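# Here is the input, now give the coordinates:
(one chain, ligands or ions: 2)
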Amino acid sequence: MELDADRFIKGMESVMRRPVHEDVTADVDSEGGSSSDMDFDESEGDSNVAYPYEDKRCAKARCYCTIVLRFLMAGPISLPLYEKLPQKNTVQRVLDVTIFVLLLTLLAYRILSLKSNGFSWFFALLCESWFTFVWVVILSSKWNPVVYRTYPERLLFWIDELPPVDMFVTTADPTLEPPIITVNTVLSLLAFDYPANKLACYVSDDGCSPLTFYALLEASKFAKLWVPFCKKYGIHTRAPFRYFYDEEESPHDNSTEFIREYTKMKDEYEVLRRKIEDATEKSIPCDLSSEEFVAFSDIERRNHPSIIKVILENKEGLVDGLPHLIYVSREKCPKYPHHYKAGALNVLTRVSGAMTNAPFILNVDCDMYANNSQIVFHAMCLLLGCKKGQDFAFAQSPQIFYDGLKDDPLGNQLVATQKYIGEGISGLQGPYYSGTGCFHRRKVLYGLWPDGCMETGGRSKLTDEGLRQSFGHSREFSKTVERILSGLSGKADCPYDLSSSAEAANQVADCGYECGTSWGTKIGWIYGSTSEDVLTGLKIHARGWRSAECKPDPPAFLGCAPSGGPASLTQQKRWVTGLLEILFSKNNPFIATLTAKLQFRQCLAYMYILSWGLRWIPELCYIALPAYCIIANSHFLPKVEEPAFLILAALFAIYNLHSLLEYCRIGLSIRTWWNNQRMGRIITMTAWFFGFLNVILKLLGLFEAVFEVTQKNQSSASGDDNHKDAGRFTFNESPIFVPATTLVLVHLVAMVKALLNLTHGRHESRIGEVICNVWVLLCFLPFLKGLFKKGKYGIPSSTICKSAALAAVFVHLCERVSIA
Ligand SMILES: O=c1ccn([C@@H]2O[C@H](COP(=O)(O)OP(=O)(O)O[C@H]3O[C@H](CO)[C@@H](O)[C@H](O)[C@H]3O)[C@@H](O)[C@H]2O)c(=O)[nH]1
Ligand SMILES: [Mn+2]
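Ligands and ions are numbered 1, 2, ... in the order given. You can find the predicted model right below:
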């Protein structure tokens, strides 16, 4: 859908020609509630709202709109804003169940033949029982895939009544997250096709960096040209670095006027980019004595007062102006934990509450630009289009990455997982909250239950005192909370003046503000996990809320995935640490199912990710088994001539073919499939293993999990492409590589042993084990190659030594067992 007048008129005409009741009865599964149920915000009847594209065509569109609106409002018939479309997946279900039945048969066979076999048999049984459990979790999570189709054009009827949205961007470190990336994200948000007087963009800077502030200041000047340009020509990609440097995005208009403006815009962007780059190179980016920057002089990053600056203010409330843009660096002081991203978002929630108090909040990471300028409309279809009482708590867009490496060599694009697991969970209580690209309902973040109650020591309505205890002592902020909880939004004195709320905003950004309140436990983003996103979403689902996946075409947001081996593993390690922190806490989904309103299958769906950090235990055992059996002359698989061998062979073949088919069905290559299989094993043995160790150390009180920010790749943001290691597996001195290197060495020894056995004519039937041995070496091929390479493509010799020592111990133990 394009918000230009021509298409709008076309849309109107098609709506009018269609017998209207068809929409309502078309799909029995359609959940879109009647639009007259929508609880549009009462306080938002701004009289100065006009249409964004006021020309003749628009006048015509507006006329149609009024007619249609009258017609619709006159009768009980109204158009749903979205439809829930169940996806057909018979073949997939059949294969999933076949695999499940084979697994059960295998377990039964193991149990029946346990007595006549050694302890490796028992070990295999344990591992396979775990694999069966994981399969049940996957099967249940994928069983009912659902896609939501949204009809944003239908919202145009209510354009005057659309609710405001506060948009949050978080950044933490100007070196790991180059400001030009943040700037592009911010520009793409400012250019949304949505009434600009209903948008406010808040940027949280945990780095408290004058450079970031400078970059935003410069970007705001550029935005005054860029946003009108995008809207005038209906530009699709509104992050300039993608628009100007992505080859697929060539200028779509040949008129001389357009070419002239395009060139001008490109030059202006170049100037902006260069300014920011120059500032980056200087030790002090700008003159800190000038009025704008004086707040940044003499400050320490981890110890400073809050800095809140309104960079852009849409004072006149112009629909086609620019949204507000506010820079926020919350107060930090070593005495108080700052809770990383979750803490930053809670501060933004309060600051925005005090300033604009929109009933909806969009949050994105600094590296996730908006790729679909209509996304707010799409999300609003989901958030406004429900029957009362069945509202979605949040609308999450999947994380999709730009400039993804061909065939996903690092296995971090998660395309297939998001497709099958993502759509599957959509059919349950709804997708996980994944930290970025998500539209929240503010009142849900404020701890409201779907039945309109609050959870504050019991579930009663809040008194004034209760409000202060839960939300903190700022009176002004409490007033805005009250409005939200009672279904209103904005501030009482709407339209407001941002500077009048400066004091309140500063107060709620204090680092001690949350002491003794419910922030981080029951309200806002929840603390206690480095995967604060999953935890926050889980707490919301546990209250019985549903969520929806918002997946428009083109994709809503695009982000940047780490492009190096170690960076990707560090990220995975942090996720798994955070996920296990949830699993081993009172927020465990099983507890939430028993004591609160998390549905059982949604609990299983949470187990799909929460179990990542445990998966290395059975996998490590299972991968070690073939090597052990070859070295110790034992076996864990039935002999080839036994019929039971067929169960395993069938499992292996059907599982791999099935997953390959899943990849091919959505247009991914065979290579991508293989890379993902392989990286699945590698990540388990490296990042997930260490994530587990982190959590154990944390539980023992020896370690505090920190949020290590992922390095963002600047190459495409700065227009040059000198990224030659992209996709090649690189190593560093980190101990994270030891377990996998050890496994490879052990398997090499086993391979040699198997070959020796063969040449000595001792070929007992251990073919199954040998096949496994080869398969493991194939999966860990980057490590096998790494043994022989130099520099960052090779495994450092210290890591090889440690691994060799461990491998020697293992081989020695195996041999002892075999002699005994
Ligand atoms: O102290 C901090 C640390 C991080 N961030 C921000 O958090 C976001 C995510 O950080 P990043 O290093 O990019 O982590 P990723 O692994 O890429 O993020 C994924 O995983 C996180 C949870 O581990 C989620 O919060 C993210 O939304 C999700 O994209 C970025 O905008 C950071 O600026 C802060 O604001 N303050
Ligand atoms: Mn990120």
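# Residue 394 belongs to a helix, doesn't it?
No: under DSSP: H, G, I helix; E, B strand; the rest coil, residue 394 sits outside any helix and is assigned strand.
# What ranges does the protein have for its strands?
Ranges of strands in the chain, per DSSP state E, are 82-86, 146-150, 165-171, 199-205, 307-312, 324-329, 360-365, 369-370, 392-396, 400-401, 438-441, 546-549, 557-559.
# what about the last one, average pLDDT?
Looking back up the chat, that one is strand 557-559. Averaged across strand 557-559, pLDDT comes to 95.
# Give the pairing partners of that strand; include direction for each.
Its sheet considered, strand 557-559 pairs with strand 369-370 (antiparallel), strand 400-401 (parallel) by DSSP bridges.
# what's the answer for the second one, then?
Take DSSP bridges as the rule and strand 146-150 pairs in its sheet with strand 82-86 (antiparallel).
# on that earlier part again, hey, which of the strands paired with strand 557-559 is tucked in deepest?
strand 369-370 (a mean of 29; mean count of other CB atoms under 10 Å). (Glycine included, C-beta is placed from N, CA and C.)
# What are the structural domain limits within this structure?
5-87, 90-144+595-819, 162-399+434-561 (automatic domain parsing).
# Can you add distance to ligand 1 and give those domains back as CSV?
Output for those, formatted as CSV (distance: least, CB to the nearest ligand atom, whole Å):
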stretch, distance to ligand 1
domain 5-87, 24
domain 90-144+595-819, 4
domain 162-399+434-561, 2
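# between those, which gets nearest to residue 575?
domain 162-399+434-561 (5.5 Å; CB to CB).
# got a list of what the residue in the stretch 551-700 of the chain that ligand 1 sits nearest to touches?
Closest approach of the stretch 551-700 of the chain to ligand 1 (CB to the nearest ligand atom) occurs at residue 571, with a separation of 4.4 Å. By CB atoms under 8 Å, 6 or more residues apart in numbering, the contact set of residue 571 is 412, 562, 687, 710.
# again with residue 398
Residue 398 touches 418, 422, 431, 434, 437, 549, 551, 555, counting by CB under 8 Å, 6+ apart.
# Contacts for stretch 591-603 next, please.
140-141, 425, 428-430, 538, 541-544, 589-590, 606.
# if you look at those, which of them are in helices?
140, 141, 425, 538, 541, 542, 589, 590, 606 (DSSP state H).
# Can you say which of those residues are buried?
Using 16 or more other CB atoms under 10 Å as the burial test, the ones in helices among the contacts of stretch 591-603 include 140, 141, 425, 538, 541, 542, 589, 606 as buried.
# Double-check the fourth one against residue 582; I have them as touching.
This means residue 538. Yes: counting by CB atoms under 8 Å, residue 538 touches residue 582, with 6.7 Å between them.
# Turn the contacts of stretch 591-603 into JSON lines, including pLDDT and distance to residue 210.
As requested, the contacts of stretch 591-603 are exported to JSON lines (pLDDT from 0 to 100; distance: CB to CB, whole Å):
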{"residue": "140", "pLDDT": "97", "distance to residue 210": "51"}
{"residue": "141", "pLDDT": "96", "distance to residue 210": "46"}
{"residue": "425", "pLDDT": "96", "distance to residue 210": "42"}
{"residue": "428", "pLDDT": "96", "distance to residue 210": "46"}
{"residue": "429", "pLDDT": "96", "distance to residue 210": "44"}
{"residue": "430", "pLDDT": "96", "distance to residue 210": "41"}
{"residue": "538", "pLDDT": "97", "distance to residue 210": "37"}
{"residue": "541", "pLDDT": "97", "distance to residue 210": "40"}
{"residue": "542", "pLDDT": "96", "distance to residue 210": "41"}
{"residue": "543", "pLDDT": "95", "distance to residue 210": "41"}
{"residue": "544", "pLDDT": "95", "distance to residue 210": "45"}
{"residue": "589", "pLDDT": "97", "distance to residue 210": "43"}
{"residue": "590", "pLDDT": "97", "distance to residue 210": "48"}
{"residue": "606", "pLDDT": "97", "distance to residue 210": "41"}
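# Now distance to residue 180 too, for these, in CSV please.
What follows is these, written out as CSV (distance: CB to CB, whole Å):
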residue, distance to residue 180
140, 44
141, 38
425, 35
428, 40
429, 39
430, 35
538, 34
541, 37
542, 39
543, 40
544, 42
589, 40
590, 45
606, 37
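# Most widely separated two among these?
Pairwise over the contacts of stretch 591-603, using CB to CB, the maximum falls at 140 and 543, 21.7 Å.
# Look up how far residue 79 lies from residue 153.
To residue 79, residue 153 is 10 Å away according to CB to CB, to the nearest Å.
# For the two, indicate the residue with more neighbours.
A count of neighbours by other CB atoms under 10 Å puts residue 153 above the other of residue 153 and residue 79, at 22 against 19.
# Straight-line length of stretch 378-393, end to end?
Distance across stretch 378-393, first residue to last, is 15 Å (CA to CA, to the nearest Å).
# Off-centre distance for it?
21 Å (CA atoms, centre = their mean, to the nearest Å).
# Can you point out the buried residues in that stretch?
Here stretch 378-393 shows 378, 379, 380, 381, 382, 383, 384, 385, 386, 391, 392, 393 as buried, counting by 16+ other CB under 10 Å.
# so how far is ligand 1 from the residue lying closest to the third one once chain neighbours are set aside?
With CB to CB, 6 or more residues apart in numbering as the measure, residue 155 is the residue that lies nearest to residue 380, at 5.9 Å, once sequence neighbours are left out. Going from residue 155 to ligand 1 by CB to the nearest ligand atom, to the nearest Å gives 27 Å.
# For residue 315, grab phi and psi.
phi -60, psi -40 (degrees, to the nearest 10).
# neighbours around it, how many?
Neighbour number of residue 315 under other CB under 10 Å is 13.
# Give the full set of residues in contact with it.
So residue 315 contacts residue 497 (CB under 8 Å, 6+ apart).
# What confidence value was assigned to it?
90.
# can you check residue 41 too?
42.
# next one: residue 387
Predicted confidence (pLDDT) for residue 387: 77.
# which phi and psi does it have?
phi -70, psi 150.
# All further residue positions should be reported with the first residue as 659.
Yes, from this point I'll number from 659; that puts the last item at residue 1045.
# Skipping its backbone neighbours, what lies nearest residue 1103 in space?
residue 1182 (5.5 Å).
# now do residue 755
Closest to residue 755 by CB to CB, 6+ apart is residue 797, at 7.4 Å.
# again, but for residue 1318
Nearest one to residue 1318, counting by CB to CB, 6+ apart, is residue 1331 at 5.1 Å.
# Now do that neighbour: how many residues are near it, please.
Neighbours around residue 1331, by other CB under 10 Å: 20.
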